[in-house]
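Peer 1: With the sequence up front, the predicted model follows.
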Amino acid sequence: MPDTTAKTTIELRILRYCPSTDTEPAFGSFQVPYSDDMSVLQALQEIKATLDGSLAFRWSCRMAVCGSCGMMINGEPKLACNTFLRDLAPGPVTVEPLQNFPIERDLVVTVGDFVKKIESIYPYVMPKVPKTVEEGTYLQTPSQMEAYASFADCINCMLCYAACPQYGANPDFIGPGAMALLQRYSSDSRDGGQQARLDQIRGEDGVWSCTAVGICSEVCPKQVDPANAVNQNKSNSALDFFLSGLRKESVT
Amino acid sequence: MSERRPYLRPQPRTWWAHPPYRAYTIRELCGVALAVYGAILLAGLVCLARGPAAFESYRAFLASPLSLALHLLLLAAALWHMVTWFRILPKTMPKLVWHGKLVPQALMTQAATLLAVGCSVALLALVVVVGAWS
Ligand code: SF4
Ligand code: FES
């Protein structure tokens, strides 16, 4: 049996940035004692507790559920709580804030833009015909649920955005995560909001910035397959374009 | 007091040349090879329209070692384009639910690849039969 309590140290090279004193980010190095069962998040907590209390990073659940601890670990977008030092030994391990996002401080990035995108695609079921309480609940078969279930697993961690070169080139691109959420609702048999959502994703800043690179699906820690969501909606968006001439637009 | 001064690191200009994006770049470049092959076929049509002498020189070009090497290269690129595109084909398709279960993406890729191989073999057989017959 390997001894999982044995302590040894590993070097973490962390990109630091303090907006009030630094003109640009620079790496700082830390030697951290670690054991086999320690995650990168725990290493960061150890540094904050014992070596440098000013280190800034986000986390909450420490179990790959909340999506707060996304960062670049050895150049790849990862959840820090779900990435173990034993897989990165002997190091050094580089830790940087998520690529493609503005850095607020150290490993903390700006998320406001992403939240706006999520809000823009109506992230809730919009029933075709609203039911009263007396009329009962909306029913769905297991097959109908399968059609969107994987998209409902998204934890908004933004790893897919950090992996997407097209989002890097065009920050207005709606991006993979928001499209996964869009598809979660638009392919729900109880939903009637498909048209309203399609209206939000036309053009270059909608689905059409995507060139099917596909790395978003590879880095997703929840196997959501956001690339599938984006590309299904290219077909939907194209069809919508051709059908829009036939549709009677309601002018208000 | 807090001070906000978000710092955006620029995207590396050569992102497309490095892993994990390199495979994507190669897949897309293979599409250019397909266009080149299309242009070669088109040149044949143009030569045909220009008369027997032009078409003869086109055929001579096709038989040259340079053209053979080029065609081998283009074939390899076309095959790679096919393999890699069928790999991402399931990403472009709606989810298929069969008897309440999702159809695995690998199965879609295999089915599409088999279909393409089947069509290619049938086309090749047709060419051989027609060639022997005429
Ligand atoms: S699709 Fe995956 S990688 Fe993207 S935000 Fe959702 S969980 Fe994270
Ligand atoms: S801390 Fe919640 S996902 Fe890592």
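Peer 2: Done, it's in. Ligands and ions are numbered 1, 2, ... in the order given.

Peer 1: Quick one: the helices in chain B, in order.
Peer 2: Taking DSSP state H as the test, the helices found in chain B are B:22-50, B:52-63, B:65-88, B:105-133.

Peer 1: Residues of chain A that sit close to ligand 1?
Peer 2: A:154-160, A:176-177, A:180, A:220, A:222, A:224, A:226 (CB under 6 Å from any ligand atom). (Each C-beta comes from the backbone N, C-alpha and C, glycine too.)

Peer 1: can you redo the residues you listed as JSON lines with neighbour count and secondary structure?
Peer 2: Listed next are the residues of chain A next to ligand 1 as JSON lines, based on neighbours: other CB atoms under 10 Å in any protein chain shown; DSSP: H, G, I helix; E, B strand; the rest coil:
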{"residue": "A:C154", "neighbour count": "24", "secondary structure": "coil"}
{"residue": "A:I155", "neighbour count": "19", "secondary structure": "coil"}
{"residue": "A:N156", "neighbour count": "18", "secondary structure": "coil"}
{"residue": "A:C157", "neighbour count": "26", "secondary structure": "coil"}
{"residue": "A:M158", "neighbour count": "23", "secondary structure": "coil"}
{"residue": "A:L159", "neighbour count": "28", "secondary structure": "helix"}
{"residue": "A:C160", "neighbour count": "29", "secondary structure": "helix"}
{"residue": "A:P176", "neighbour count": "32", "secondary structure": "helix"}
{"residue": "A:G177", "neighbour count": "28", "secondary structure": "helix"}
{"residue": "A:A180", "neighbour count": "28", "secondary structure": "helix"}
{"residue": "A:C220", "neighbour count": "24", "secondary structure": "coil"}
{"residue": "A:K222", "neighbour count": "19", "secondary structure": "coil"}
{"residue": "A:V224", "neighbour count": "25", "secondary structure": "coil"}
{"residue": "A:P226", "neighbour count": "31", "secondary structure": "helix"}
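
Peer 1: out of the residues you listed, who's nearest B:G100?
Peer 2: A:V224 (20.5 Å; CB to CB).

Peer 1: Could you check how far the residue nearest the centre of chain B is from A:R62?
Peer 2: Nearest to the geometric centre of chain B sits B:H81, at 3.3 Å (CA atoms, centre = their mean). Distance of B:H81 to A:R62, computed by CB to CB, to the nearest Å: 43 Å.

Peer 1: do the same with B:T84
Peer 2: Distance, B:T84 to A:R62, by CB to CB: 38 Å.

Peer 1: now swap in A:Q99 and tell me
Peer 2: Note on A:Q99: its distance to A:R62, by CB to CB, is 23 Å.

Peer 1: In contact with A:P142, which residues?
Peer 2: Applying CB atoms under 8 Å, 6 or more residues apart in numbering or on different chains, we find A:P142 in contact with B:G100.

Peer 1: Looks like A:M126 contacts A:D191 (just checking).
Peer 2: Yes - at 5.9 Å, A:M126 counts as touching A:D191 under the criterion of CB atoms under 8 Å.

Peer 1: Could you name every residue contacting both of those two?
Peer 2: Taking CB under 8 Å, 6+ apart as the contact rule, A:M126 and A:D191 both touch A:Y185.

Peer 1: thinking again about what came up before, adding pLDDT and distance to chain B, write the residues of chain A next to ligand 1 out as a markdown table.
Peer 2: Converted to a markdown table, the residues of chain A next to ligand 1 look like this (pLDDT from 0 to 100; distance: CB to the nearest CB, whole Å):
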| residue | pLDDT | distance to chain B |
| --- | --- | --- |
| A:C154 | 97 | 15 |
| A:I155 | 97 | 20 |
| A:N156 | 97 | 19 |
| A:C157 | 98 | 18 |
| A:M158 | 98 | 15 |
| A:L159 | 98 | 13 |
| A:C160 | 98 | 13 |
| A:P176 | 97 | 11 |
| A:G177 | 97 | 15 |
| A:A180 | 97 | 12 |
| A:C220 | 98 | 12 |
| A:K222 | 97 | 15 |
| A:V224 | 96 | 12 |
| A:P226 | 96 | 9 |
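
Peer 1: Helix or strand: which one has A:T9?
Peer 2: Using DSSP states H and E, A:T9 sits in strand A:8-16.

Peer 1: name the helices or strands packed onto that strand?
Peer 2: Contacts defined by 3 or more CB pairs under 8 Å, 6 or more residues apart in numbering or on different chains; DSSP states H and E place strand A:8-16 against strand A:26-34, helix A:40-46, strand A:93-96.

Peer 1: ok, 6 Å please
Peer 2: Secondary-structure packing of strand A:8-16 (3 or more CB pairs under 6 Å, 6 or more residues apart in numbering or on different chains; DSSP states H and E): strand A:26-34, strand A:93-96.

Peer 1: any idea of the mean pLDDT for the longest one?
Peer 2: Across strand A:26-34, pLDDT averages out at 94.
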